[in-house]
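In: Provide a 3D model corresponding to the input given below.
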Amino acid sequence: MNLKINSLDKNFLNEFNKIIKESTEGDNLLSISEFKLNKHLVYQFIIALVAFIILIFSVGRQEIYWIYGAIILLSFFLAKFLYLFVTQQKVNKSFLYFDENIVLKKDLDSVDFFPLHQLTAVDFERAESDNFVMLKLTFGNDILYYPYEKSLRNILERFGRNIVNIANAKKRGTTGQMISSNLLLDLLYKTPQAIDSKSKTKFWVISIVISSLILSVLLPYFLDWNSFREAKEINTATSFREYLKDEKNYLYRENAKNRIKEKYDEAIEKYKNTSTIDNNSIIRILEYLKNNEIYIVDIIFRNENRIKDISREYDVKIKSAEHSFTATKNKEREQALISTLNQTLGTIFPSDIISIDNISDRENVPKIGITYTYSNSEDGSLYYPVSQENLRENIRDYYYGLTIYWDFHLFIPIEKSSIYSFTLKSNPAIQFSAETSSTDNVYSNMVYSAFNDFDNEFKKHFFGK
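Out: Have a look, this model is predicted:
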C-alpha cells in the first residue's frame, strides 16, 4: 500500500515521528538522510549553482539569452532541491521500519506498507553508488529495495536478521515486538485524506516562481553590476560613459559619473606640472568638460586665399598655385592638422578626456577658432627644385613662396570672448622635400610645412615644447 505524506493525518504524523525517534536504529529501524539518498541531486544542484554564479557574474546584456537559459535551468534544480528539503521536514528521514505486523518504507513524500507475514526473502545487492548497499526484501510478487551506507553494513545485516526472525516468529504465531502495531494497522484501514490536485503541479509552480523572482528582481541587479564591473576593469572615462549610455543601468550611475570626474581631476593635476606659456586656459576647458559631462572641443576653421599672380614681376616661369588651394584640399589639410593637434593633446591627456573634432558646430561645447590666410611671402621669394640649380634661371620651374597668417582663439560657452588667443606668421622652411616636382605636390608640401609650424606654436603655448 502506498500513501502520500501529505495525505496522512497530522496527528498520526506527529505520533509516527515520535515512534521513529524513539526506535533503536539497527533493530527495527534503518534511517538515512534524504540528501544522502539523493546525492546525485545535491551534486547537480551544487554544480548548477556554481555554474550559474560564474555565468551571472561574468556576462553582460549582450548575452541576455544565455542568462535566461541559465536562470530557467537553475530554477529547475533549485525547485528539486527545495522540494526535497521541504518534504524531509515533514518526516525528517528516509527510513525502513518494521514491527510485528508491518514493514514500512518512507521515501521522500510517500510511505509504502507491506504485511510482514508476506516476507519471503532478504537479500543484499550492489547499489549503483559504491557508497551504498541495496537491501532487497521480497514480499511474494512485490520487491522492496532500500539503499544503506556501505560503511554501516553490520547494521544492515543485523536489521536483516531481525526482520527475518520477527517474520518467522509471526508465521509461527509467537508474539514478536510490540511497538506500533495498533497504530499502523489502524492507519491501513483509514481513508486517506483527499490529495489536493494542486500538489501535483507544486514542483513546476515552485520552478516558475523562482524563475520569475530571479528574472524580475535579481537579474537586473546582476546585469547592472556586471556592466559597472566591466567599466571598472577597463577604468577609462569611455568605459564609464558606455555604462551610463545604457538607461537600464541605474544602480551605479552616480558612482560612474564621479569616476569620470576623477579622471579629469587626475588629468588636471598632471597638467599643472607642465611648464607652459599658459596652462590656465586648458585647465578651464577641462573643468568645463568635467562639469558638463562632455569631452569634445569643436574646432572651426576659416580660411582665405590672397595669393596673387606675380609672374609678371619676374622674367621666369612660375607654376600656378590656383589648383592647390581648393576647398577640398583645404579640408584635407585641416583634418591632418586636427589629427596632429590630437596627438599633441594625447601626450598628456587620454583622448576620452579631451579631443578635438569638427563634426558640427554644437552649442554649449568649448571651441577652437582658427583663421588662416594664404598669401605670397612678404619678401616675394620663389622656390625651385634643387635638381635644377645648375640650369639657367629662365628655364627653371619656379613656385611661389607662401606665408600663412594664423589667428587662434579658444572659447568656452560661459565666456563671451575668447579665454586665450595668439597669432602666428608661418613661412615654409627654406628648403623642404616633395615626393615629386608636380605643382600640386610641391605646394601641398610647402603648406604642410607651415601647418607643422603652427603645431609647434600650439605646443609652445600649451605644452611647453
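In: any stretches of the stretch 301-450 of the chain with poor pLDDT?
Out: 360-361, 437 (pLDDT under 70).
In: going along the chain, name the helices of the stretch 1-150 of the chain.
Out: Per DSSP state H, counting those that start in this stretch, the stretch 1-150 of the chain carries helices over the ranges 10-22, 34-37, 39-56, 64-90.
In: now do the stretch 251-400 of the chain
Out: Going by DSSP H, counting those that start in this stretch, the stretch 251-400 of the chain shows helices at 253-272, 280-291, 327-346.
In: buried ones in the first one?
Out: Within helix 253-272, the residues that qualify as buried are A256, R259, I260, K263, Y264, A267, I268, Y271, counting by 16 or more other CB atoms under 10 Å. Just so you know, the C-beta spots here come from the backbone N, C-alpha and C atoms, and that holds for glycine as well.
In: for those, give me JSON lines that also has distance to I46.
Out: As requested, these are arranged in JSON lines below (distance: CB to CB, whole Å):
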{"residue": "A256", "distance to I46": "35"}
{"residue": "R259", "distance to I46": "37"}
{"residue": "I260", "distance to I46": "41"}
{"residue": "K263", "distance to I46": "42"}
{"residue": "Y264", "distance to I46": "47"}
{"residue": "A267", "distance to I46": "48"}
{"residue": "I268", "distance to I46": "51"}
{"residue": "Y271", "distance to I46": "54"}
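In: nearest to F349, of the residues you listed?
Out: Checking the buried residues of helix 253-272 against F349 with CB to CB, the nearest one is A267 at 5.3 Å.
In: wait, that closest one touches I353, no?
Out: Yes: using CB atoms under 8 Å, A267 is in contact with I353, at 5.0 Å.
In: so, low pLDDT: which residues of the stretch 151-300 of the chain?
Out: Looking at the stretch 151-300 of the chain by pLDDT under 70, you get 170-204.
In: follow-up on the earlier one: out of the helices of the stretch 251-400 of the chain, which is closest to S418?
Out: Nearest to S418, of all these, is helix 280-291, at 8.9 Å by CB to CB.
In: now do the buried residues in that closest one.
Out: Residues of helix 280-291 classed as buried by neighbour count (16+ other CB under 10 Å): S281, I282, R284, I285, L286, Y288, L289, K290.
In: what does stretch 405-421 give?
Out: Neighbour-count burial for stretch 405-421 [16+ other CB under 10 Å]: Y405, W406, F408, H409, L410, F411, I412, I419, Y420.
In: between all of those, which two are separated the most?
Out: In these, two members sit farther apart than any others by CB to CB. They are Y405 and I412, at 24.9 Å.
In: out of the buried residues of helix 253-272, flag the one nearest to I143.
Out: A256 (65.5 Å).
In: hmm, that closest one is touching F240, no?
Out: Yes: counting by CB under 8 Å, A256 does reach F240; the two are 4.3 Å apart.
In: what do these two both touch?
Out: Residues touching both A256 and F240 (CB atoms under 8 Å, 6 or more residues apart in numbering) are A231.
In: joint contacts of A267 and I353?
Out: Counting by CB under 8 Å, 6+ apart, the shared contacts of A267 and I353 are L286.
In: what's the nearest residue to R241 if we skip its chain neighbours?
Out: Of all residues not flanking R241 in the chain, I260 sits nearest, at 6.9 Å (CB to CB, 6 or more residues apart in numbering).
In: against I234, how distant is the one you found?
Out: 13 Å (CB to CB, to the nearest Å).
In: and F301, by the same measure?
Out: Distance, F301 to I234, by CB to CB: 34 Å.
In: the two: which is more packed in?
Out: Remark: of F301 and I234, F301 carries more neighbours, 17 against 12, as counted by other CB atoms under 10 Å.
In: all good on my end, thank you.
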